[in-house]
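could you look at this predicted model? Sequence included:
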Amino acid sequence: MRRRGLSVRWRLALSYAALVTVVEAMLLTVVAAFLLRYVPEGDLVLLDIGGTTAFAPDRSDLLRAFAPAAALTGLAAFALGLLGGWLLAGRVLRPLTAIGTAARRAAAGSLSHRIALTGPHDELREVADTFDTMLARVEQSVEGYRRFAADASHELRTPLATTRAVLDVAAADPDADVAQVLAQLGAANARAVAVTEALLLIARTDAAPVGRDAVDLSLVLEDAVETLAGTADARGTTIHLDSRPAVVPGDETLLHHLATNLLQNAVVHNTATGGWVRASTHRTDGAAHLTVENTGPVLTSDEVAALTAPFRRGAGRTQGADHAGAGLGLAIARSIVRAHAGALTLTPRGDGGLVVEATLPGAAGTPADDRPTA
């Protein structure tokens, strides 16, 4: 076991005391050198007018008298320097003590503790603020993975139980329809894969900072419309596109997921026939907006507020065989928008359907567009 040395506070205090002592010794040396040079060596006899004589101290006498006083002064300076250094070091190192306490609590599993250091914005304040930011990021990452584990274990139970039931039934029935069994297993597997991929995307978005490339939301939305054009035609849903340049700093892959999920949610959760979707992008007041509006069942404000929670769907919202959804589309959208320092707003339409608007900080140096007319 390594022997622990002097603490930083003691080392600083000793350094302060040594510095004060050296400065004091230099001053005394200068005084002695410049004053005693004018005092001669040897017996000094003083004669006055009355003929009386007296002896005065020479240089050696003054040195003998000066040395003890200088030594005591040096000891006093060292003691005062040590005391002052101890107090000053304690004050200077107080933020480091707070940082060390927070680090020990974090190592013990308490990630919610923050230093919240006050005072001047010096180097130690910067270190403390950086440490608080790191703790917040670590806490968010850990919470994301915990939520991923809980959501995955909860949601994957259904397709796994379905797979087991299908296999048990097929094993008990020698005349079972193999094609039907495979179709049921494929559907259960597709749902499990969709849930896993969606949860992994949410966990990755919450855990790591996104990129900061210049991405035009209008191009991303156009790609999403092309991807979902076939699904919309099959459902009899018309997509109206109004894409205007809206450049944002972000991750192109995640923003493509955002546009695709919002558009897919609008197409899938629509009216049975004759439905429509309006998708648009524009930029105004330094912010970029991606808006998706669709027809559909009437939703209350409470139902809309719960739609961004994982595995939640509004009342009456259905999905078809072509969409193995997991109720995570809007949860993914919220996570992506939050990772880009934006806001996701959901507003129910009076005659049914939903308006979803993602507002993201726009890239600097790009012109602003007017809001598109309805």
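Perfect, thanks for sending it.

export stretch 350-361 as PDB, just CAs?
Presented in PDB, the C-alpha positions along stretch 350-361 are these (Å, rounded to 0.1, in the frame of the first residue of the first chain):
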ATOM      1  CA  GLY A 350     -61.200  20.500 -34.800                       C
ATOM      2  CA  ASP A 351     -62.700  18.200 -37.500                       C
ATOM      3  CA  GLY A 352     -60.300  15.300 -36.800                       C
ATOM      4  CA  GLY A 353     -56.600  14.600 -37.300                       C
ATOM      5  CA  LEU A 354     -53.500  16.100 -36.000                       C
ATOM      6  CA  VAL A 355     -51.000  18.900 -36.600                       C
ATOM      7  CA  VAL A 356     -47.400  18.100 -35.700                       C
ATOM      8  CA  GLU A 357     -44.800  20.900 -35.900                       C
ATOM      9  CA  ALA A 358     -41.100  20.400 -35.300                       C
ATOM     10  CA  THR A 359     -39.200  23.700 -34.600                       C
ATOM     11  CA  LEU A 360     -35.400  23.600 -34.800                       C
ATOM     12  CA  PRO A 361     -32.800  26.300 -34.500                       C
END
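
residues of it that come out buried?
Residues of stretch 350-361 classed as buried: 352-360 (neighbour count, 16 or more other C-beta atoms under 10 Å). C-beta: built from backbone N, CA, C; applies to glycine.

now the strands for the stretch 201-350 of the chain?
With strands called from DSSP state E, counting those that start in this stretch, the stretch 201-350 of the chain shows them at 213-216, 238-243, 247-250, 276-284, 287-294, 343-348.

in TSV: the ones you listed, plus mean pLDDT.
TSV is the format used below for the strands of the stretch 201-350 of the chain (pLDDT from 0 to 100):
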stretch	mean pLDDT
strand 213-216	91
strand 238-243	94
strand 247-250	92
strand 276-284	95
strand 287-294	95
strand 343-348	93
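
how about these in a markdown table, adding distance to Val193?
Rendered in a markdown table, the data for those read as follows (distance: least, C-beta to C-beta, whole Å):
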| stretch | distance to Val193 |
| --- | --- |
| strand 213-216 | 27 |
| strand 238-243 | 26 |
| strand 247-250 | 26 |
| strand 276-284 | 26 |
| strand 287-294 | 25 |
| strand 343-348 | 25 |
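
would a markdown table of those with distance to Arg37 and mean neighbour count be doable?
What follows is these, written out as a markdown table (distance: least, C-beta to C-beta, whole Å; neighbours: other C-beta atoms under 10 Å):
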| stretch | distance to Arg37 | mean neighbour count |
| --- | --- | --- |
| strand 213-216 | 76 | 18 |
| strand 238-243 | 91 | 16 |
| strand 247-250 | 73 | 23 |
| strand 276-284 | 82 | 22 |
| strand 287-294 | 79 | 24 |
| strand 343-348 | 80 | 17 |
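
what sits closest to Leu344 if chain neighbours are left out?
Val337 (4.5 Å; C-beta to C-beta, 6 or more residues apart in numbering).

thinking again about what came up before, looking at the strands of the stretch 201-350 of the chain, which is closest to Arg59?
With C-beta to C-beta, the closest approach to Arg59 among the strands of the stretch 201-350 of the chain belongs to strand 247-250: 78.6 Å.

which elements pack onto the closest one?
Under the contact definition 3 or more C-beta pairs under 8 Å, 6 or more residues apart in numbering; DSSP states H and E, strand 247-250 sits against strand 213-216, strand 354-361.

tabulate the ones you listed (a markdown table), appending distance to Thr284.
What follows is these, written out as a markdown table (distance: least, C-beta to C-beta, whole Å):
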| stretch | distance to Thr284 |
| --- | --- |
| strand 213-216 | 15 |
| strand 354-361 | 10 |
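
wait, which of the ones you listed is closest to Ile332?
Using C-beta to C-beta, the nearest of the helices and strands packed on strand 247-250 to Ile332 is strand 354-361, at 11.8 Å.

and the closest one, which strands flank it?
When sheet partners are counted by DSSP bridges, strand 354-361 sits next to strand 287-294 (antiparallel), strand 343-348 (antiparallel).

and the ones you listed: which comes nearest Arg11?
strand 343-348 (50.6 Å).

just the helices in this protein please.
For the chain, helices defined by DSSP state H occupy the ranges 8-36, 59-107, 123-155, 157-172, 178-207, 217-235, 252-268, 301-305, 329-339.

which stretch among those comes nearest Thr295?
Proximity to Thr295, assessed across the helices of the chain by C-beta to C-beta, is greatest for helix 252-268 (8.9 Å).

ok, now how distant is the residue lying closest to Ala279 once chain neighbours are set aside from Ser141?
Across the structure, with C-beta to C-beta, 6+ apart as the measure, the residue nearest Ala279 apart from its sequence neighbours is Val292 (5.0 Å). Computed as C-beta to C-beta, to the nearest Å, the Val292 to Ser141 distance reads 29 Å.

for Asp223, same thing?
From Asp223 over to Ser141 (counting by C-beta to C-beta), the distance is 30 Å.

ok, now Leu35?
Between Leu35 and Ser141 the distance, using C-beta to C-beta, works out to 70 Å.

neighbour count: those two, which is higher?
Ser141 (15 against 11; other C-beta atoms under 10 Å).

so what's the residue count around the residue nearest to Ala128 when sequence neighbours are not counted?
In space, not counting the residues next to it along the chain, Ala128 is nearest to Leu117; the distance is 3.8 Å by C-beta to C-beta, 6+ apart. Neighbour count for Leu117, taken as other C-beta under 10 Å: 20.

can you check the one 10 residues further on too?
A count of nearby residues for Val127, using other C-beta under 10 Å, gives 15.

repeat that for the one 5 residues further on.
Asp132 sits with 17 neighbouring residues when counted by other C-beta under 10 Å.
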